[in-house]
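> generate a structure from the sequence data that follows.
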Amino acid sequence: MSLLEEALKSITPADKDAIEKSKKRIDNLTKPIGSMGTLEDIASKMAGITGKLYNEIYKKNIIIMCSDNGVCEEGVSACPQNLTRIVTNNYTRGITGVCTLAKYNNSDITVVDIGVKGEFNNSKIINRKINHGTKNMCKGAAMTKEEAVKAIEVGIEMVDNLVKQGYDLFGTGEMGIANTATSAAVMAAILDCPVDLVTGKGSGLTEEQFSTKKSVIKKALDINKPNKEDVLDVISKVGGFDIAGMCGSFIGAAKNKVPIVIDGFISYTAALCAYRLNKNVKDYIFPSHLSKEPGVEYAIKELGLEPMLNLKMRLGEGSGCPLAFNIIESALYSMNNMATLKEASVEGDFFVDIREEN
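Okay, the predicted model is just below:
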């Protein structure tokens, strides 16, 4: 049995009994029922993940999957392809958007070369290169199905290894010029929806470049005809190694019963792939923000998850994750340390009346 098959079979739903016990306890804290909104939902969901009523985060890590995409040669990005390599290296220098936010929120990052064109001489970059970028999906499949499985398994392995090191909250990040094009192709295929609805301008295309991008994605789908019922077929034909790696990270988190956070569009696409492979994966996922990329809204609807924030961000890299980490930790701390009505010496019908109104 492959690592992917084993992981998918091992994933179980969240502990519903723990969720109900958590909700009951939260409802008895010194506040009107539901008055802390999403923070209460986060604490209850975490109880379902761990099986414990009181939860605390000890170590956080954002796993950044970096890979090049062959479709870049079709002019679907405003950025040159070598930027993938440059930014991947810069993650290890701590100078990018996700790095600054991660540092501020006391999170580590793990940089993975899962398919960057060229080689690195940098010990801070983990080499799990499947290939030197994918092939141009406008000329055939982006990768083989075997490569897709291997890339997903890299994501599973990353989480497995980091859990052993004590990490208990994860984020998903990526770097790969043209990966909004591959993500739009994957999402359009899986959701069986028009390309125009899920395709955005990515790094800032002109109207002419944007039109080219949509045409290229449509061409890739027409040529490859991915099977929407087969996630591996979709990823291999029109996806990227970064998407596959992040998909594996979501699966790995669910396998290990640890929470994991979605960042933006590419991350949502990977989460959608993981969800289609095993729907129980959803129980372990927290969305961070509502990306400006239009395809995110369709992924949200399919996953049935509500982003915590709307900051009009579209950076990628995993930059939304440390912001969500802060909210998750705030929710857990509040629910762990708030007094119960009895402990707060609150008596009478005051909160009862407010509860009835809510």
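> contacts and neighbour counts: CA atoms only from here.
Fine.
> now do the contacts for the residue nearest the centre of the chain.
The residue lying closest to the centre of the chain (Cα atoms, centre = their mean) is residue 262, at 2.9 Å. By Cα atoms under 8 Å, 6 or more residues apart in numbering, the residues touching residue 262 are 171, 172, 268, 271, 285, 286, 287, 288, 318, 320, 321.
> number of nearby residues for the third one?
Using other Cα atoms under 10 Å, residue 268 has 28 neighbouring residues.
> so it touches residue 299, yeah?
Yes. If you go by Cα atoms under 8 Å, residue 268 and residue 299 touch, sitting 6.4 Å apart.
> which of the contacts of residue 262 fall in strands?
171, 172, 285, 286, 287 (DSSP state E).
> most neighbours out of the residues you listed, which is it?
The most crowded member of the ones in strands among the contacts of residue 262, judged by other Cα under 10 Å, is residue 171 (35 neighbours).
> count of neighbours near the nearest residue to that residue once chain neighbours are set aside?
Leaving aside its sequence neighbours, residue 171 sits nearest to residue 62 (Cα to Cα, 6 or more residues apart in numbering; 4.2 Å). The tally of other residues near residue 62 (other Cα under 10 Å) stands at 27.
> where does residue 62 land in three-state SS?
The three-state label given to residue 62 by DSSP: H, G, I helix; E, B strand; the rest coil is strand.
> other SSEs contacting the longest helix anywhere in the chain?
Counting by DSSP state H, the longest helix found in the chain is helix 145-164. With contacts defined as 3 or more Cα pairs under 8 Å, 6 or more residues apart in numbering; DSSP states H and E, helix 145-164 has these neighbours: helix 3-10, helix 231-238, helix 241-256.
> what comes up buried for it?
Using 16 or more other Cα atoms under 10 Å as the test for burial, helix 145-164 gives 145, 147-160, 162-163.
> stretch 320-328 now?
So stretch 320-328, judged by 16+ other Cα under 10 Å, has buried residues 320, 321, 322, 323, 324, 325, 327, 328.
> mind listing what residue 8 touches?
Counting by Cα under 8 Å, 6+ apart, the residues that residue 8 touches are 251, 255, 277, 278.
> how many residues are close by the last one?
What that stands for is residue 278. As a burial measure, residue 278 scores 17 neighbours (other Cα under 10 Å).
> skipping adjacent residues, who's closest to it in space?
residue 8 (6.4 Å).
> do the second one as well
Residue nearest to residue 255 in three dimensions, not counting chain neighbours: residue 11, with 4.9 Å by Cα to Cα, 6+ apart.
> quick check, nearest of the contacts of residue 262 to residue 42?
Using Cα to Cα, residue 286 comes nearest to residue 42 of these, at 8.3 Å.
> which residues does the closest one bridge with?
residue 261 (DSSP bridges).
> among the contacts of residue 8, which one sits closest to residue 96?
residue 251 (26.7 Å).
> hmm, back to that, from the contacts of residue 262, which is closest to residue 71?
Nearest member of the contacts of residue 262 to residue 71, counting by Cα to Cα, is residue 268, at 20.3 Å.
> packing partners of the strand or helix carrying residue 86?
Under the criterion of DSSP states H and E, residue 86 resides in helix 83-91. Packing partners of helix 83-91 (3+ Cα pairs under 8 Å, 6+ apart): strand 60-67, strand 108-115, strand 169-175.
> what angle separates the shortest one from helix 83-91?
For strand 169-175 and helix 83-91, the angle between their directions (axes from the mean of the first three to the mean of the last three Cα atoms, to 10 degrees) works out to 140 degrees.
> what lines up beside strand 169-175 in the sheet?
Strand pairing for strand 169-175, determined by DSSP bridges: strand 60-67 (parallel), strand 260-262 (parallel).
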